[in-house]
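> Mind folding the following:
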Amino acid sequence: MHNEAQRNLDYRGSLITIELIGSGEQISARADVHRDGEFAGRVVLAAGQAEREILFDKLECKAKELVDGLLAAGSPAATACSGLGLQKTTGFP
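Numbers count the residues shown, from 1 in each chain. Here you go, the predicted structure:
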């Protein structure tokens, strides 16, 4: 089984594109952040199919946290998403 889903949203002047790709029991997901048409960063995570319904929300929250951090010029952003325990990776197109 191979499922794919995508969602785009604007947040504080950034375009966030979230993409889920699932095969079997695992889903990989990423959120790419673009500002002014330029790639600004990426958040990546993986989960089981059982978490598919909440994965968009978790990833969206972490991507918004990344945008907040970028806007704060490297200062840690204090958001409601803190403590979710998800990894974020930036600088990879």
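
> which SSE is Thr17 in?
Using DSSP states H and E, Thr17 maps to strand 14-23.

> Pairing partners for the helix or strand just after that strand, with directions?
Moving toward the C-terminus from strand 14-23, the next helix or strand (DSSP H and E) is strand 26-35. With DSSP bridges as the test, strand 26-35 is paired with strand 14-23 (antiparallel), strand 38-48 (antiparallel).

> mind listing what's buried in the shortest one?
For strand 14-23, the buried set under the neighbour-count rule, 16 or more other CB atoms under 10 Å, comprises 14-16, 18, 20, 22. Where C-beta positions appear, they are placed from N, C-alpha and C, glycine not excepted.

> same deal with the last one?
Residues of strand 38-48 classed as buried under the neighbour-count rule (16+ other CB under 10 Å) are 40-45, 47.

> Name the nearest of those relative to Asp32.
Arg42 (5.3 Å; CB to CB).

> and the closest one, what are its bridge partners?
Where Arg42 sits in a bridge, its partners, by DSSP bridges, are Asp32, Thr89.

> Any figure for the gap between it and Leu71?
17 Å (CB to CB, to the nearest Å).
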